[in-house]
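> just to be clear, the model below is a prediction. Sequence and coordinates:
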Amino acid sequence: MKKVFIAYRYTGEPEEKLTEMVARLKVSLASVGLEAICSFESEDDFRKAEMNPGNIVEYMCRKLSEMDYLLAVVKTDEKSEGMLMEVGYRNALKDYKIKHPLFILAVKRGVYTHMRFMADVVLEFEDLDDLCVKISHLSFEDRN
């Protein structure tokens, strides 16, 4: 099964909203045959291991290099340092001709981000319902 890494803004986001978003994205991705990985489900483990944000990003970047796809979800103009580092790590893999995930940027309509110019696929969405529908209509072909 192909794997997708979900990147999103964590800091300052209400936990209940993140829980809903991650759960719904995972269902949509599973409907097209993808297993989703993200840091949100490991937060308790990160706390128990007393990992700081830098440790978490390093750990997740190692996971990212094993993925087939990177789905970055941008809902606001507020930047996410972790997401920017994850996307930067993916781009470094690509630049050095190392196996890297296809970069899918999901950006809320009206939000501007330079990541548009780096993404392989850009999905503009109105709300979470719209994003889930758009994901379910994507074609995830074999990248071998």
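In hand now; what should we look at?
> could you list the low-pLDDT ranges of this structure?
141-144 (pLDDT under 70).
> now do the helices in it.
In the chain, the helices defined using DSSP state H lie at 15-31, 43-48, 53-64, 81-95, 128-136.
> export those helices to CSV and tack on distance to residue 2?
In this view, the C-beta of every residue, glycine as well, is placed from N, C-alpha and C. Formatted as CSV, those follow (distance: least, CB to CB, whole Å):
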stretch, distance to residue 2
helix 15-31, 9
helix 43-48, 24
helix 53-64, 14
helix 81-95, 16
helix 128-136, 13
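> including distance to residue 8 and mean neighbour count, could those helices go into JSON lines?
Output for the helices of the chain, formatted as JSON lines (distance: least, CB to CB, whole Å; neighbours: other CB atoms under 10 Å):
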{"stretch": "helix 15-31", "distance to residue 8": "7", "mean neighbour count": "15"}
{"stretch": "helix 43-48", "distance to residue 8": "13", "mean neighbour count": "11"}
{"stretch": "helix 53-64", "distance to residue 8": "11", "mean neighbour count": "16"}
{"stretch": "helix 81-95", "distance to residue 8": "7", "mean neighbour count": "17"}
{"stretch": "helix 128-136", "distance to residue 8": "11", "mean neighbour count": "16"}
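> out of those helices, flag the one nearest residue 109.
Closest approach to residue 109 among the helices of the chain (CB to CB): helix 128-136, 8.7 Å.
> surely residue 86 meets residue 73?
No - between residue 86 and residue 73 there is no contact under CB atoms under 8 Å: 11.7 Å.
> which residues do those two both contact?
Applying CB atoms under 8 Å, 6 or more residues apart in numbering, one finds that residue 86 and residue 73 are jointly contacted by residue 7.
> could you check how far the closest residue to residue 8 other than its chain neighbours is from residue 97?
The shortest distance from residue 8 to any non-neighbouring residue, by CB to CB, 6 or more residues apart in numbering, is to residue 73 (4.5 Å). In this view, residue 73 and residue 97 are 27 Å apart by CB to CB, to the nearest Å.
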